[in-house]
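> 3D model of this:
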Amino acid sequence: MIYASQWSTGLFDCTSDIYNCCLTCWCPCIAFGQVAEILDKGATSCPAHGFLYTVLLLLTGCQCIYSCMYRSKLRQQYMLPEEPCNDCLVHYCCEPCAMCQEYRELQHRGFIMILGWRGNMERQNHAVVTPPFAPAGMKR
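The predicted structure follows:
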């Protein structure tokens, strides 16, 4: 299979963004909720995803099944390779690293995670486009 792009950072580059690393380690439900809300294009909110993630974590310990579905969704949306192995195996073996990588990937693609889907769409719609600048001395 041919992939159009590569991951912007590696699976184990967690400390390249300390805020993301701390958020994912101490409040994984928030980090996951932010990623899932953006991947769902706002269909379900960050708090709803975070709540379901927490319930699965506390009751079953199998939250990685839920979160691996969103890794697959991210890969499909941005045509990223399934590496270093299967999405569910990545989340099962190294959930915090996988969630950090997904969070960084969305940031790299221009999302401000704390704004959520709606905030990012409003920011995008209000962006001012300026024409390119040409020096005054340019002539044909």
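
> Flag the shaky bits of the protein, pLDDT-wise.
1-4, 127-140 (pLDDT under 70).

> all helices of it, in order?
Here the chain has its helices, by DSSP state H, at 18-26, 28-39, 46-59, 63-78, 87-108, 116-125.

> Let me have those helices in a markdown table, extended by mean neighbour count and distance to Leu11.
(C-beta placed from N, C-alpha, C; glycine too.) Converted to a markdown table, the helices of the chain look like this (neighbours: other Cβ atoms under 10 Å; distance: least, Cβ to Cβ, whole Å):
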| stretch | mean neighbour count | distance to Leu11 |
| --- | --- | --- |
| helix 18-26 | 15 | 13 |
| helix 28-39 | 24 | 15 |
| helix 46-59 | 16 | 20 |
| helix 63-78 | 18 | 11 |
| helix 87-108 | 20 | 5 |
| helix 116-125 | 14 | 25 |
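
> Leaving out chain neighbours, which residue sits closest to Phe51?
Cys29 (7.3 Å; Cβ to Cβ, 6 or more residues apart in numbering).

> Quick check: that neighbour touching Tyr53?
Yes - here Cys29 reaches Tyr53: they are 4.8 Å apart, a contact under Cβ atoms under 8 Å.

> quick one: the residue nearest to Phe51 from Thr9, how far?
22 Å (Cβ to Cβ, to the nearest Å).

> next one: Arg123
For Arg123 relative to Thr9 (Cβ to Cβ), the value is 23 Å.

> Put together TSV for the helices of the chain, with distance to Ser5 on each row.
Output for those, formatted as TSV (distance: least, Cβ to Cβ, whole Å):
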stretch	distance to Ser5
helix 18-26	20
helix 28-39	16
helix 46-59	25
helix 63-78	6
helix 87-108	10
helix 116-125	20
